[in-house]
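J.: sequence? don't have it. structure:
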């Protein structure tokens, strides 16, 4: 591993972040234009902006209010994190 690799990686990550911000801005503009429409046809492309309903578990609340149940059904995962500072 070299300083050059680290600097190259940081440069690439910065460019990715900038491009992602540009993509997000364009998506936000398109969503605003669509309003409540869920589908739009544009020059052979279908653009979808649909409502998705999901159910999630409030793990903080469960841990605070029912710690025994939390302990019974929770499990730990082990991963490795790569970072450069």
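T.: Cool, got the structure. This structure is a prediction, so every number in the text was calculated from the model and none was measured.
J.: In terms of secondary structure, what does the helix ranked longest in the chain contact?
T.: Using DSSP state H, we find that the single longest helix of the chain is helix 3-34. Counting contacts by 3 or more Cβ pairs under 8 Å, 6 or more residues apart in numbering; DSSP states H and E, helix 3-34 is packed against no other helix or strand. Using the backbone N, CA and C atoms, a C-beta is placed for each residue, glycine as well.
J.: Begin at 671 from now on, thanks
T.: Sure, I'll start numbering at 671, so the last one becomes helix 673-704.
J.: What is the subsequent helix or strand relative to it?
T.: On the C-terminal side of helix 673-704, the closest following helix or strand by DSSP states H and E is strand 709-712.
J.: Please identify the pairing partners of that next one and their relative orientation?
T.: Sheet pairing of strand 709-712 (DSSP bridges) gives strand 715-718 (antiparallel).
J.: Any idea how many residues pack against residue 706?
T.: Counted with other Cβ atoms under 10 Å, the neighbours of residue 706 add up to 6.
J.: quick one: contacts for the spatially closest residue to residue 676 that is not a sequence neighbour?
T.: In this structure, residue 676 finds its nearest non-sequential neighbour in residue 754, 5.9 Å apart by Cβ to Cβ, 6 or more residues apart in numbering. Neighbour list for residue 754: 676, 679-680 [criterion: Cβ atoms under 8 Å, 6 or more residues apart in numbering].
J.: Report how many residues lie close to residue 682.
T.: Using other Cβ under 10 Å, residue 682 has 10 other residues around it.
J.: Please apply the same query to residue 695.
T.: 10.
J.: Residue 722 now?
T.: Look at residue 722: counted by other Cβ under 10 Å, it has 4 neighbours.
J.: same deal with residue 740?
T.: Using other Cβ under 10 Å, the number of residues around residue 740 comes to 15.
J.: just checking, it touches residue 732?
T.: Yes: assessed by Cβ atoms under 8 Å, residue 740 is found in contact with residue 732 at 5.4 Å.
J.: Could you give the number of residues near the residue lying closest to residue 720 once chain neighbours are set aside?
T.: Excluding its sequence neighbours, the residue lying closest to residue 720 (Cβ to Cβ, 6+ apart) is residue 708, at 4.9 Å. Neighbour count for residue 708, taken as other Cβ under 10 Å: 10.
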